[in-house]
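Q: Generate coordinates for the sequence data below:
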Amino acid sequence: MGQAPSDASVKRGQAITFRWDTNCGVYGTWKKDGLTLHSDDRIIITEPTPHLCFKLTIPNATEEDEGEYTLELSKWRGRVSGSAKVKVLDYAVAWRKIDHQGNDKVKTALREFTPSNPETQRLRLLLHGPVGAGKSSMANSVNSVFQGRMNVKAHAAPSTGKSETTRYKMYEIKDEQGREMSFVFNDIMGLEGTETGGVLTADIISAIKGHIKDGYEFNPSSPLSCGLYYNNNPTLDEKVHCLVSVIPANRILLLEEDHGLIKKMREVRDVAKNLDIPHVVLLTHVDNCPLVKEDLDKLYFSKKIKKAMENCSIKLGVPMNRIFPVKNYHEENSLDKKVDSVILDALNNIVNFANDYVIRPIE
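A: Model prediction:
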């Protein structure tokens, strides 16, 4: 009865077309994953008389169009069918923009930035997330961007599953001349998915509220509630002004919503939300995606990265426009404007969100 359709791989937004020409008049039914298809506002099915050509077209492919398409042909003598699989590849058009030309403009704005509230000398950006996510590497990467050279002040965690950061540590951001910026990163011990081990959520919450002083060594068995490193009456300047969750893009896809790590991160998020503290997520390790590893400019063409962001939004309860895929400097020995661009884009948004938080309402 003719040649059956063959497998197809298309990019999101492109057209999918299957055609089966027959050498005699037959009846045909198109199915996708076993379910019968009909023409609608997305799918066009044509069966010109005398039923010698069967054609199915999807003008604008999306992820939901992935699957197995089958055409079942029938005549009084019998039946025959043929199937083809559709794979929707990465996006044909970027769903976010990367502006390398704007790097210098953003760096200048951040160098000259001062908090809008005079009670706040510097904005505090709290990095938290699982062990090995890249929290300390983010602090290093931001300093590298502004100093124009590789910076390794913060110790990044090795692949041992144990947090390299054991103390509450503030990292100042400085430019080429050593001038301090008006924002700092506060780094914290890494989270673990088990009940014991890693930083306690109670300590993260205390840090958000400004109760923990710089230099405190975390105790995974007992949260800080008093003593030398406990700040009883923190000022606005000592509180955290933006919660920055750091999690690997590939790991968020593997974690179920009831995983211990997700539960802990949602608990911390809920506290920040109740305090009206902005919450941002940095998705690291984006170069685990082959498309992005080949060219960071393809970051916002990647279906895997978009899927990781959507998973993150659902599991952590964070809007998509507050999730930023980034690549830290970790194996490079020189700066790259593409890496700088995604870091600066995320940082610029974080600083603006934090500044919005400290602005006092007009009385």
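
Q: Can you pull the phi/psi pair for Ala109?
A: As for Ala109, its main-chain torsions (degrees, to the nearest 10) stand at phi -60, psi -40.

Q: ok, now how distant is it from Arg12?
A: Ala109 is 34 Å from Arg12, where distance means C-beta to C-beta, to the nearest Å. All C-beta spots, glycine's among them, are computed from the backbone N, C-alpha and C.

Q: of those two, who's got more company?
A: Arg12 (19 against 14; other C-beta atoms under 10 Å).

Q: Now do the contacts for that one.
A: Counting by C-beta atoms under 8 Å, 6 or more residues apart in numbering, Arg12 makes contact with Ala61, Thr62, Glu63, Val88, Leu89, Asp90, Tyr91, Ala92, Lys303.

Q: repeat that for 10 Å
A: For Arg12, the contact set (C-beta atoms under 10 Å, 6 or more residues apart in numbering) comprises 60-63, 65, 88-93, 95, 301, 303, 306.

Q: next one: Phe301
A: 11-12, 89-96, 291-292, 295.

Q: Can you list the buried residues in the top strand by length along the chain?
A: The single longest strand within the chain, with elements called by DSSP state E, is strand 78-91. For strand 78-91, a neighbour-count test (16 or more other C-beta atoms under 10 Å) marks Gly82, Ala84, Val86, Val88, Leu89, Asp90, Tyr91 as buried.

Q: now those as CSV including pLDDT?
A: Shown next, in CSV, are the buried residues of strand 78-91 (pLDDT from 0 to 100):
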residue, pLDDT
Gly82, 89
Ala84, 92
Val86, 92
Val88, 85
Leu89, 83
Asp90, 85
Tyr91, 82
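
Q: Spatially, which two of the residues you listed are the most separated?
A: Greatest spacing in those, by C-beta to C-beta: Gly82 and Tyr91 (29.3 Å).

Q: Tell me who's in contact with the residue nearest the centre of the chain.
A: What sits nearest the mean C-alpha location of the chain, by C-alpha atoms, centre = their mean, is Leu283, with 3.7 Å. Listed by C-beta under 10 Å, 6+ apart, the contact set of Leu283 reads 133-134, 245-252, 305, 308-309, 311-312, 323-327, 346.

Q: Same question for Asp90.
A: 11-12, 289, 291-292, 298, 300-306.

Q: so where do the helices sit in the stretch 1-150 of the chain?
A: All helices of the stretch 1-150 of the chain, identified by DSSP state H, counting those that start in this stretch, fall at 103-111, 135-147.

Q: Of all those, which one is nearest Met265?
A: Here helix 135-147 is closest among the helices of the stretch 1-150 of the chain (C-beta to C-beta), at 12.8 Å.

Q: That closest one packs against which elements?
A: Of the remaining helices and strands, those touching helix 135-147 by 3 or more C-beta pairs under 10 Å, 6 or more residues apart in numbering; DSSP states H and E are helix 103-111, strand 123-128, strand 169-174, strand 180-187, strand 242-248, strand 279-284, helix 337-358.

Q: What mean pLDDT does the second one get?
A: It stands for strand 123-128. Strand 123-128 carries an average pLDDT of 97.

Q: repeat for the fourth one
A: Mean pLDDT, taken over the full extent of strand 180-187, equals 96.
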